[in-house]
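Q: Below are the sequence and a predicted model; questions follow.
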Amino acid sequence: GFVVGHAGLYQALAMFAVAYFIIGMTVLSVCAIATNGALDAGGAYYMISRALGPEFGGSIGIMFFLANVCGSALYVLGLVEAVVDSFGIPPGQEAGTGVHVLPQSYWYELLYGTVLLALCLLVCLVGASIYAKATFLIFLIVAAVLGTILVSFFATRPLKVPINLPHINGTETDNGFFTGFSLNTLRNNLGGGYGVDYTTGQMMSFSSVFAVMFNGCTGIMAGSNMSGDLKRPSYSIPRGTISAVLFTYLVYNLLAFLMCATCNRILLQKDYGFLRDISIFPPLVTVGIYAATLSAAMSNLIGASRILYALARDDLFGRALALAKKTSASGNPVMAVIISWLVVQVVLFSGKLNTIASVVTTFFLLVYATVNLACLALEWASAPNFRPTFRYFTWHTCLLGIAGCCVMMFLISPVSASASLGFLLLLLLALHYLSPSSTWGYISQALIFHQVRKYLLMLDVRKDHVKFWRPQMLLMVQNPRGSARLIDFVNDLKKSGLYVLGHVELQDLDMLPSDPLQPQQDSWLSLVDKLNVKAFVSLTLAPSVRHGVRQLLFTSGLGGMRPNTLVLGFYDDEAPQDGLARHPAFTSAREEVPLGFPPLRAPTTPKLLSAREYVGIVADALKMLRNVLLARQLESLDKAWELRRAASPPPTIHVWPVNLLRPDSARYADTCSLFLLQMACVLNMARAWRRASLRLFLCVEAGTMPHAQEEKLRQLLKDLRIQAQIQLVPWDAITRLHWQTCRGPPGGPAEEEEEEEGVVNFPTNTTQVSDEYVCAANKLVLEQSPAPAVRFLYLPRPPADTSLYPLYLHQLELLTRGLGPTVLVHGVSAVTSTQL
């Protein structure tokens, strides 16, 4: 009557259609999730938490608990309103007459509500079985009352109903009319006629009436809330919920039409209990109203307690809900029931039914939207294990349900909707950072997998362009204990590219009962989390390190995301240091280093690979067109100290883009030099290294127009948009040492032969460069002050003659000896672009 009296028949039918469309879509989602596996206590909370994870589940669980609590208070207040209408002393009278014996005031109505709520508490404390019996009895009573009301519309003769309303000067009397079936009455009630709600004194509108009406549709979760108490929830919930929704929709529409055709607007707006006046047996209507509201109040109270119990049992809020875990001998969560009852009692202080209607409706709509979201996520994730036996839903129905809930939330009360979403966001963040990890499975992982697979298929390597090149690093790590700072350094070098930590385990799977790498995977992933690096982990078994690195270079990555750069630690005789134990990730948090990594190799223990094999790995990578970085003494790089020190000038990055082991072919614009420049620039672009400045060293000889060379290099840097200082370094004394030990002068037969073959670096160069020359080049690099944070040097290509590998490595060791953190770089791919 309230809805039809204010909104008229057309808008009332539209309200029912919208409300039932929203809950219809939600019911389809509920049925789909309910039939996709065993359900436990908690209903909607259980469905959402197991589908969307603990953050969404916990936050929506609290919202749903509050919705049920407020809903229970709402129905108790509705019952109080009905009791006062029937037995309250009329306004303006000091003493009642007949049945009108109950005093009316805020505190008296609060007392009546408390007594009625205590009755609900007693039923819920006894347990679910007595509740089920009570609700079935109430269902029979309500069905009987509905039958008499339908008969009354036809059997009752037209009558005048006097209405006493409170007024400033006492009471105001008005008359409502029951006209019987009248076309004129129907015509007058078709359109809207919003007036003042006599219980609150507030002007009604479409949204406020809809908010009150929607509370009559929120019982769709009553069955699923009892999921832990049902024998066959996957069978009962879909059938019970769908039949209940269809039944109530038909009853509401039929009642709306009959009221509009028989009652004038004054009766509908000014007397919400008018059905008693027109009934053939008035006391039965009163009993029906009491039974329906009592049933709804109990349903919400027991639903709230089951949600609270499920939240407590999942330990999402730790000790805060520990008390709610306690149950009786029969398994009834009595403490959860008592806590829920206390919260409902607090809500009763709000006083009037329509005051909290919009808040309750907003909470329920938010929960329904999230149930639809959970079903949508499961459907879109396309997980093979999502195969509900209920098939009458699609992702379209889920999406329509979400959209309908969100639109109606803001139409009903923009303030309540915004506050609810803000509260939900706060709960989400709190649970994300504070709740323990769960073993329920995260739908986010399934959705991410689905999307990543789709986009990886779209990533076409044939469309690669040098403008969009980025480093994709494979860092080989023998033991993370000795490589913590190197792992961190390469993370700064990757520039949003792929980063893979590779490890080779020297074992033969034929001789083992199972894969030894699986138990190690968790330790490596924990390491990645603790060091806060964005890296994947790739472990392999191989008979030798060289074979293992080949495997990883061939197989790491997927589609267009494959490593294009191999990073190795340097091969020398220095004893490894445990940098992991000193890393801030473990020292500041006072946490132990992750288990699973063996202790570092003792200085006397032989290495796992020889010098020849090490150089062979470099040669293999270059043959496979991978860029190579060799990192020496990176474990001595204290990045935090270098980059945060207050001393001036800021830290520097020294760049030597010339092949110091081949002074007779010194060029600054070959592929390798440009790649070296790019890597130094990428490091400088990393957030942690932006304070550092690049310093580029130009080696010049007398009589070679150094200023022209400097200007040419400066123009190159300008074209490449690289900001760096250029420093001229005379190296006549160094090159003189080289020519003294060469077999012939510059331009001789040996050099011409190499140039004809197009060899930029050297197959025979190691035989020509003396240790004296290499030591002098090392001294030249070392003398450039101030000392940098890190140096980038040109890495020559290994000689074609494998017998020269040890000599090649020896000269690299001499060149980088004592230089501190140094990266030797050899690039084989074009990585710089001067185009837009």
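A: Thanks, I have the structure now. Residues are numbered from 1 along each chain as shown.
Q: and Gly331, which of the three is it?
A: Here Gly331 is coil, with the state taken from DSSP: H, G, I helix; E, B strand; the rest coil.
Q: name the element the residue most central in space within the chain belongs to?
A: In the chain, the residue lying closest to the centroid (C-alpha atoms, centre = their mean) is Ser444, at 6.5 Å. For Ser444, the enclosing helix or strand under DSSP states H and E is helix 443-458.
Q: what do you get for Leu301?
A: Going by DSSP H and E, Leu301 is in helix 282-313.
Q: Any buried residues in that helix, and which?
A: By neighbour count with 16 or more other C-beta atoms under 10 Å, helix 282-313 contains the buried residues 282, 284-286, 288-313. All C-beta atoms are positioned from the backbone trio N, CA, C, and that covers glycine.
Q: swap in stretch 377-395?
A: Ala377, Leu378, Glu379, Trp380, Ala381, Ala383, Phe386, Pro388, Phe390, Phe393.
Q: same deal with stretch 796-812?
A: Across stretch 796-812, burial judged by 16+ other C-beta under 10 Å covers Pro796, Arg797, Pro798, Pro799, Leu804, Tyr805, Leu807, Tyr808, Leu809, Gln811, Leu812.
Q: same question for that stretch, mean pLDDT?
A: Mean per-residue pLDDT for stretch 796-812: 91.
Q: what about it, how long is it end to end?
A: 9 Å (C-alpha to C-alpha, to the nearest Å).
Q: Could you do stretch 598-618 as well?
A: Start-to-end, stretch 598-618 (C-alpha to C-alpha) is 26 Å.
Q: List the contacts of that stretch.
A: 478-479, 481-482, 506, 544-546, 549, 566, 568, 571, 575-578, 628, 630, 798, 802, 805-806, 808-809, 826 (C-beta atoms under 8 Å, 6 or more residues apart in numbering).
Q: again, but for stretch 769-782
A: Identification of contacts with stretch 769-782 by C-beta under 8 Å, 6+ apart yields 654, 656, 660-662, 729, 731, 733-734, 737-738, 741, 791, 793, 811, 814-819.
Q: for it, the distance to its chain's centre please.
A: Its chain's C-alpha centre and that of stretch 769-782 lie 54 Å apart, by C-alpha atoms, centre = their mean, to the nearest Å.
Q: With stretch 46-65 instead?
A: Relative to the centre of its chain, stretch 46-65 is centred 13 Å away, using C-alpha atoms, centre = their mean.
Q: Please apply the same query to stretch 497-510.
A: On C-alpha atoms, centre = their mean, the centre of stretch 497-510 falls 30 Å from that of its chain.
Q: same deal with stretch 254-274?
A: 50 Å.
Q: Tell me which of the contacts of stretch 769-782 fall in strands.
A: Within these, residues falling in strands by DSSP state E are His654, Trp656, Val729, Arg791, Leu793.
Q: before we move on, back to that, okay, buried residues for the helix or strand just after the helix holding Leu301 please.
A: Next along the chain after helix 282-313, taking DSSP H and E as the criterion, comes helix 334-347. Going by neighbour count (16+ other C-beta under 10 Å), the buried part of helix 334-347 is Val334, Met335, Ala336, Val337, Ile338, Ile339, Ser340, Trp341, Val343, Val344, Gln345, Val347.
Q: Helices of the stretch 1-150 of the chain, start to end?
A: 2-34, 44-52, 54-87, 106-126, 128-155 (DSSP state H, counting those that start in this stretch).
Q: pretty sure Tyr10 is touching Gly193, no?
A: No - using C-beta atoms under 8 Å, Tyr10 is not in contact with Gly193, being 11.6 Å away.
Q: Asn385 and Tyr805: what is the separation?
A: Distance of Asn385 to Tyr805, computed by C-beta to C-beta, to the nearest Å: 53 Å.
Q: cool, and Asp573?
A: 17 Å.
Q: same question, Leu609
A: For Leu609, the distance to Tyr805 - C-beta to C-beta - is 12 Å.
Q: if we can go back for a sec, could you single out the nearest of the buried residues of stretch 796-812 to Val831?
A: Arg797 (17.2 Å; C-beta to C-beta).
Q: That closest one belongs to a strand?
A: No - using three-state DSSP, the secondary structure at Arg797 is coil, not a strand.
Q: I'd say it and Leu824 touch.
A: No - checked against C-beta under 8 Å, the pair Arg797 and Leu824 is beyond contact range at 11.6 Å.
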